[in-house]
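K.L.:
dropping a prediction and its sequence here:
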Amino acid sequence: MVAGSRAKNAIIVGAPLTLIVFSLAHGLDWLVMHGMNDENYDAFIQYIVDVRGRWLAVHLIGLLLFPLLGVAIWLMLPRGRIASRISQVGLAVYIVLYSAFDAVAGIGGAVLAGYREGLPTAERPTVNGAIWSLMGEADATAYLADAATYGWELGVLGAIVALCQDRGWRRGLRIAVPLALGGAGFAQSHFPPYGAVAGVFLTIAAWQFFATSPTREVAAADPEVRA
């Protein structure tokens, strides 16, 4: 990799790769048992209760991972482009609000799941409703999630335009297509399969970012150039 410093390269590639593992750890077992059925509310609440320790752990990791996903795209932006500035605005909104939503929905849900287990059975449905509210059913959390998603989408769209302008549309599309698919998947959900699929496409976009970089082309033409 020759597009920048090792730390920068590690973030650009490492964040989407980590998203794949994160998403699968988040709920692959639920997906295998229940498919993509999002209407089995009672069973899903029980699932959160059963895996509340893991649920808490992955969302604590998410506090670092989700901002790094935004930073990874930010680091790919060419300088001096209006589209890059637009992307940065969207990514800044996403980084702040998505982290907040993850903390409320994921960490808050895990805490309530633990609290629910100490209640009499008759009182548990009330806590079930509270967990759903934290996960986006209440207006406040729904608006928070929507605003974060719109920020992400703006950030990805701006990055696509800026990279295509900077590298030419032919080379730029090699980054833009997987970036668009990965961005759309993550905008849908970080729960599997969407989050894992998004991680795969975002990793491909990162790889193409390095493969199409002018520095790499110079290195390929001159064997004496070092990364």
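P.N.:
Received, thanks.
K.L.:
leaving out sequence neighbours, find the closest residue to Phe191.
P.N.:
Spatial nearest neighbour of Phe191, chain neighbours left out: Gly27 (5.2 Å); criterion: CB to CB, 6 or more residues apart in numbering. Using the backbone N, CA and C atoms, a C-beta is placed for each residue, glycine as well.
K.L.:
tell me how far the helix or strand hosting the one you found lies from the chain's centre.
P.N.:
In this assignment (DSSP states H and E), Gly27 forms part of helix 6-34. When C-alpha coordinates are averaged (CA atoms, centre = their mean, to the nearest Å), helix 6-34 and its chain have centres 9 Å apart.
K.L.:
quick check: buried residues in it?
P.N.:
Residues of helix 6-34 classed as buried by neighbour count (16 or more other CB atoms under 10 Å): 9, 11-16, 18-20, 22-27, 30-31.
K.L.:
where does the chain dip in pLDDT?
P.N.:
Of all residues in the chain, those with pLDDT under 70 make up the ranges 1-4, 36-39, 215-227.
K.L.:
try it again at 90.
P.N.:
1-7, 26-50, 113-142, 168-170, 212-227 (pLDDT under 90).
K.L.:
quick one: the helices in it, in order.
P.N.:
Listed in chain order, the helices of the chain (DSSP state H) span 6-34, 41-50, 52-76, 82-102, 108-116, 124-132, 139-167, 169-188, 194-211, 214-221.
K.L.:
need the winner for burial among those helices.
P.N.:
The highest average neighbour count among the helices of the chain, using mean count of other CB atoms under 10 Å, belongs to helix 194-211 at a mean of 22.
K.L.:
packing partners for that one?
P.N.:
Secondary structure elements in contact with helix 194-211, counted by 3 or more CB pairs under 8 Å, 6 or more residues apart in numbering; DSSP states H and E, are helix 6-34, helix 52-76, helix 169-188.
K.L.:
of all the ones you listed, which lies closest to Ala122?
P.N.:
Proximity to Ala122, assessed across these by CB to CB, is greatest for helix 52-76 (20.6 Å).
K.L.:
check contacts around the closest residue to Ala110 other than its chain neighbours.
P.N.:
With sequence-adjacent residues excluded and distances taken as CB to CB, 6+ apart, Ala110 is closest to Leu56, at 3.7 Å. Taking CB atoms under 8 Å, 6 or more residues apart in numbering, we find Leu56 in contact with Gly106, Ile107, Ala110, Val111.
K.L.:
and of those, the nearest to Arg171?
P.N.:
Lowest distance from Arg171 to the contacts of Leu56 (CB to CB) belongs to Gly106, with 37.8 Å.
K.L.:
count of neighbours near the closest one?
P.N.:
Residue crowding around Gly106 was assessed by other CB atoms under 10 Å; the count is 24.
K.L.:
so who does the residue lying closest to it once chain neighbours are set aside touch?
P.N.:
Taking CB to CB, 6+ apart as the measure, Gly106 lies nearest to His59, with 2.8 Å between them; neighbours along the chain are not counted. Under the criterion of CB under 8 Å, 6+ apart, the neighbours of His59 are Asp102, Ala103, Ala105, Gly106, Ile107, Gly109, Ala110.
K.L.:
quick check: His59 vs Ser99, distance?
P.N.:
Distance of His59 to Ser99, computed by CB to CB, to the nearest Å: 10 Å.
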